[in-house]
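In: Below is the sequence, then the predicted model.
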Amino acid sequence: MLLSHSPASPAPSRHTRLLQLPCPRAGAAPAPEAALLPGVLRAESLPRHVAVVMDGNARWARARGLPSAAGHEAGRRALEEMVRLSRAWGVRALTAFAFSHENWSRPRVEVEFLMGLFERAIHERVSEFLREGIRLRVIGDSSRLPVSLQKTAREAEEATRNNSQLDLTLAISYSGRMDIVQACRSLAQKVHDKLLMPEDIDESLFAVELETGHANDELPCPDLLIRTSGELRLSNFLLWQSAYSELFFTDTLWPDFGEDDYLEALVSFQSRDRRFGARKL
């Protein structure tokens, strides 16, 4: 999975905002091997869960006179590098926005290429995930995905379900709004079936019904959410879960996002004063 990345671009302007919400399993990540952690990072204050909106593949390709497919292939390599670094440095969960619900409106040829890319990427990495202790999850509206991709994702999830070094979640055909709606529907059905009383519903119970919730094995809410390519919005990604996430925006296009960029985001995270709405005296 180790791949070279493009040289770091000149320091772009950064736009950040201070946010964060307590969630199940939140807490400091276990300290990684000291030899693997860059000296600018502190093991005790690493984000436990990092989320990333991988944006800019097509623009990266156009700037080089290449088809968009080349940008998506380069974006895949950038994600593989981020997975490797996250595991090596002690980040315990990584969620990547690979394809949004709105992306279905893109040209058919591009959508079909992306579906095939996702299927190949998952299939080709299962043996490595098993070797490296990486657990894969796929969230989103799976009913719209090709049957072969659905099958490949299910088999990979089952094969890696007992891994514990890194939780890797791919959001494919995902919508934060629809995630909230389906959670509401699920809870409403349970109330209708008299399995719950309306007053039983609280934030913790609601979180379990989200696609990132898995009964007693919920992902923690993202501590850090990164978006590349200079766009300054969440674009319908993890809307409930990112209520108090630290936000980091970079002008770097996703295929160029490498080790230096990831370090910059993590160093920025470690400089934040996270109060969760409280006032420190």
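Out: Everything's here; your move.

In: how about the helices of the stretch 51-200 of the chain, start to end?
Out: For the stretch 51-200 of the chain, applying DSSP state H, counting those that start in this stretch gives helices covering 57-63, 68-89, 108-132, 147-160, 176-192.

In: so where's the stretch 1-150 of the chain shaky on pLDDT?
Out: Counting by pLDDT under 70, the low-confidence segments of the stretch 1-150 of the chain come to 1-35.

In: picking that back up, name the stretch among the helices of the stretch 51-200 of the chain that sits most buried.
Out: Highest mean neighbour count among the helices of the stretch 51-200 of the chain (mean count of other CB atoms under 10 Å): helix 68-89, with a mean of 20. Where you see a C-beta, it was placed from the backbone N, CA and C, and this is true even at glycine.

In: Just grab the bridge partners of the most centrally placed residue in the chain for me.
Out: Central residue of the chain (CA atoms, centre = their mean): T95, 1.7 Å from the mean position. Here T95 sits in beta bridges with A51, T169, as judged by DSSP bridges.

In: can you pull the contacts of it?
Out: 49-52, 168-171, 212, 219, 222, 238 (CB atoms under 8 Å, 6 or more residues apart in numbering).

In: Just send those residues back as CSV, with neighbour count and distance to R62 too.
Out: Shown next, in CSV, are those (neighbours: other CB atoms under 10 Å; distance: CB to CB, whole Å):
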residue, neighbour count, distance to R62
H49, 26, 32
V50, 26, 28
A51, 27, 26
V52, 26, 22
L168, 24, 29
T169, 24, 29
L170, 22, 25
A171, 26, 24
T212, 26, 33
L219, 27, 34
P222, 29, 30
L238, 26, 28
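
In: any idea which of those is closest to M115?
Out: Of all these, L170 has the smallest distance to M115: 12.4 Å, by CB to CB.

In: before we move on, back to that, can you tell which of the helices of the stretch 51-200 of the chain is closest to A265?
Out: A265 lies closest to helix 68-89 among the helices of the stretch 51-200 of the chain, at 10.2 Å (CB to CB).

In: Which elements pack onto the closest one?
Out: Other helices and strands packing on helix 68-89, by 3 or more CB pairs under 8 Å, 6 or more residues apart in numbering; DSSP states H and E, are helix 57-63, strand 93-100, helix 108-132, strand 166-174, helix 259-270.

In: same thing but at 6 Å, please
Out: Here helix 68-89 touches helix 57-63, helix 108-132, strand 166-174, going by 3 or more CB pairs under 6 Å, 6 or more residues apart in numbering; DSSP states H and E.

In: Including distance to V181, could these go into a markdown table?
Out: Output for those, formatted as a markdown table (distance: least, CB to CB, whole Å):
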| stretch | distance to V181 |
| --- | --- |
| helix 57-63 | 28 |
| helix 108-132 | 23 |
| strand 166-174 | 13 |
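
In: contacting residues around K151?
Out: K151 makes no contacts at all, as judged by CB atoms under 6 Å, 6 or more residues apart in numbering.

In: what's the pLDDT at it?
Out: On pLDDT, K151 comes in at 98.

In: Please renumber the chain so that the first residue is 879 from this point on.
Out: With 879 as the first residue, the last one maps to K1029.

In: returning to that earlier point: so can I have JSON lines of the helices of the stretch 929-1078 of the chain showing distance to E1142?
Out: Below are the helices of the stretch 929-1078 of the chain laid out as JSON lines (distance: least, CB to CB, whole Å):
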{"stretch": "helix 935-941", "distance to E1142": "19"}
{"stretch": "helix 946-967", "distance to E1142": "13"}
{"stretch": "helix 986-1010", "distance to E1142": "25"}
{"stretch": "helix 1025-1038", "distance to E1142": "30"}
{"stretch": "helix 1054-1070", "distance to E1142": "26"}
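
In: Among those helices, which comes closest to D1139?
Out: Taking CB to CB as the measure, those were each checked against D1139, and helix 946-967 came out nearest at 9.4 Å.

In: Quick one: closest of the helices of the stretch 929-1078 of the chain to S923.
Out: Taking CB to CB as the criterion, S923 comes closest to helix 946-967 out of the helices of the stretch 929-1078 of the chain, the separation being 12.2 Å.

In: How about residues contacting the closest one?
Out: For helix 946-967, contacts defined as CB under 6 Å, 6+ apart pick out 879, 881, 883, 910, 914-915, 932, 935-936, 938-939, 972, 974, 988, 991, 995, 999, 1043-1044, 1046, 1132-1133, 1135, 1140.
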